[in-house]
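model the following, please.
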Amino acid sequence: MKLHLGCGQRYLKGYVNIDYPPSEHTVMETLVADRYENILELYFEAGSIDEVRLHHVFEHFSRPQACALLSNWHVWLKEGGILDIEVPDFERTGRAALSRLKSSKARFVALRHLFGSHEAHWAVHYEGYSFRILTQLLKNFGFAIKEKKRNAWRGTYNIEVIAAKRGKTLTPVELEARARNWMTNFMVDDSSSEKLLLEAWMNKYREVIGSSKPK
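Numbers count the residues shown, from 1 in each chain. Alright, predicted model coming up:
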């Protein structure tokens, strides 16, 4: 089984195409998904999935949610299973947004690409990814990088990383430890307030893990 998550209006043959329920969309002209569900609440058996694929979806999740999703996908995927993620290129798009050589229109388009289109509650971007950050994140959750790609479309710049699940499935305790380790990178210091912030992030992580259960 191969999953295409957040499919929007793009239907991929050979995949289970999954998207938010139609009630959550405001500008969709056609509905193509096989299943309408909240990605944060999906559940699949361990080792049952061959591929998880997302195009311009991953950046819509907060840092704790992204870590929880990677933990879930790591468990669902078979050993050697593929994870394919495409997101805006934060570095190249940021340069376009700040460039004095670009037109005002091009800079506004770049800002939209960085921060989202804002037509719905989910249409915002919570993280900026570069090849370096995305590959480090995937490696942290037990994935080996197979291929990296760049593309551009109408003044927007994107990166795609294709990875494979490496080795045995990590336990929930091991995955949570890796999530904590990743999120400590974003702490300013070791003060009590920052430690409380880390625990708040971990609670958000656990909320997603807890919502992904058999129905």
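
gap between the helix or strand harbouring residue 71 and the chain center?
Element membership for residue 71 (DSSP states H and E) is helix 63-76. In this view, helix 63-76 has its centroid 9 Å away from the chain centroid, taken as Cα atoms, centre = their mean, to the nearest Å.

contacts for the helix or strand following that helix?
Of the helices and strands lying after helix 63-76 in sequence (DSSP H and E), the nearest is strand 77-88. Applying Cβ atoms under 8 Å, 6 or more residues apart in numbering, the external contacts of strand 77-88 come out as 47-56, 58-59, 73, 113-114, 125, 128-129, 134, 138, 143, 146, 156-165, 167-169. Quick note: C-beta positions are derived from backbone N, CA and C, even for glycine.

and strand 77-88, which strands flank it?
Strand 77-88 has these partner strands in its sheet, going by DSSP bridges: strand 49-55 (parallel), strand 156-165 (antiparallel).

now the element after that strand, going C-ward?
Using DSSP H and E, the next helix or strand after strand 77-88 towards the C-terminus is helix 90-98.

what about that following helix, distance to the chain center?
On the basis of Cα atoms, centre = their mean, helix 90-98 is displaced by 20 Å from the centre of the chain it belongs to.

now do the helix holding residue 71: everything it contacts.
39-40, 42, 44-49, 52, 58, 61, 83, 126-127, 137-138, 141-143, 165, 169-170, 172, 175-176, 178-179, 182-183, 186, 201-202, 204-209, 212.

again, but for stretch 180-193
Identification of contacts with stretch 180-193 by Cβ under 8 Å, 6+ apart yields 63-64, 67, 137, 140, 194-195, 197-198, 201-202, 205.

next, the buried residues of the longest helix along the chain.
In the chain, taking DSSP state H as the definition, the longest helix is helix 192-211. For helix 192-211, burial by neighbour count (16 or more other Cβ atoms under 10 Å) applies to 198, 201-202, 204-205, 208-209.

which ones are touching residue 179?
Neighbour list for residue 179: 64, 67-68, 71, 202, 205 [criterion: Cβ under 8 Å, 6+ apart].

farthest pair within those?
71 and 202 (12.0 Å; Cβ to Cβ).

joint contacts of the two?
Counting by Cβ under 8 Å, 6+ apart, the residues touching both residue 71 and residue 202 are 176, 179.

now do the same end-to-end measure for stretch 23-30.
Stretch 23-30 has an end-to-end distance of 13 Å (criterion: Cα to Cα, to the nearest Å).

what's the answer for stretch 4-15, then?
6 Å.

below-threshold pLDDT in this protein: ranges please.
Within the chain, the ranges that satisfy pLDDT under 70 run 215.
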